[in-house]
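In: Predicted structure and sequence below. I'll ask about it afterward.
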Amino acid sequence: MSGTSFSTTPLYRLYSGSVNDHFYTISASERDYAVSVGYIWEGDIGNCSPSPVSGQTTDLYRLVHPAGDHFYTIYASERDYAVSIGYTYEGIACYVWTSP
C-alpha cells in the first residue's frame, strides 16, 4: 500500500457471564468501565482503524439489546433488522478491512 497512511487501534474483547455477552470496543476507558461492572477483559482480538480508510475498510456496526446482548455486523441490512427486533444502534465501533 505504497503512499497510503492510516492508523490502527486494538479491538478489545470482553465477556460477561451474567448476561452471556461478548463486548468489543476500541476505547480503553470503555474497556475499563466494563471491567468495573463485571466484564472480564479477554484481550485484544486484533486491530481496526478508528477512521475509515478509503476503499479498504468498512463500518463495523455496534448494537445492544435491552437484555444486555451486544451485536456487531458489517452489513447495514443486518443492522437494520436487529433494530427492527429490539436492538439499539450504538454507532460504528470501528472500521475493519474488507480483505487481508
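Out: Okay, I see it. Numbers count the residues shown, from 1 in each chain.
In: which residues touch the residue nearest the centre of the chain?
Out: Nearest to the geometric centre of the chain sits Ala93, at 4.0 Å (C-alpha atoms, centre = their mean). By C-beta atoms under 8 Å, 6 or more residues apart in numbering, the contact set of Ala93 is 11, 24-26, 48, 60-62, 72. Quick note: C-beta positions are derived from backbone N, CA and C, even for glycine.
In: run the last query once more with 7 Å
Out: Neighbouring residues of Ala93 by C-beta atoms under 7 Å, 6 or more residues apart in numbering: 24-26, 60, 62, 72.
In: Check Pro10 too.
Out: By C-beta under 7 Å, 6+ apart, Pro10 lies in contact with 26, 44, 47.
In: Just the buried residues from these, in PyMOL please.
Out: Buried residues among the contacts of Pro10 (16 or more other C-beta atoms under 10 Å), as a PyMOL selection:
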select buried, resi 26
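In: quick one: the helices in the chain?
Out: For the chain, the helices defined by DSSP state H cover 28-36, 76-84.
In: Put together JSON lines for the ones you listed, with mean neighbour count, mean pLDDT and distance to Ser16 on each row.
Out: Listed next are the helices of the chain as JSON lines, based on neighbours: other C-beta atoms under 10 Å; pLDDT from 0 to 100; distance: least, C-beta to C-beta, whole Å:
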{"stretch": "helix 28-36", "mean neighbour count": "13", "mean pLDDT": "98", "distance to Ser16": "8"}
{"stretch": "helix 76-84", "mean neighbour count": "13", "mean pLDDT": "98", "distance to Ser16": "19"}
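In: how about these, which one is nearest Gly55?
Out: helix 76-84 (17.9 Å; C-beta to C-beta).
In: Tell me where the model's unsure across this protein.
Out: Residue ranges of the chain with pLDDT under 70: 1-5.
In: do that again at 90, thanks
Out: Scanning the chain for pLDDT under 90 picks out the ranges 1-7, 98-100.
In: didn't Tyr89 look like it was pressed against His65?
Out: No - the pair Tyr89 and His65 fails to qualify as a contact (C-beta atoms under 7 Å) at a distance of 11.3 Å.
In: could I get the helices of the chain as a markdown table with distance to Val19?
Out: Output for the helices of the chain, formatted as a markdown table (distance: least, C-beta to C-beta, whole Å):
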| stretch | distance to Val19 |
| --- | --- |
| helix 28-36 | 11 |
| helix 76-84 | 17 |
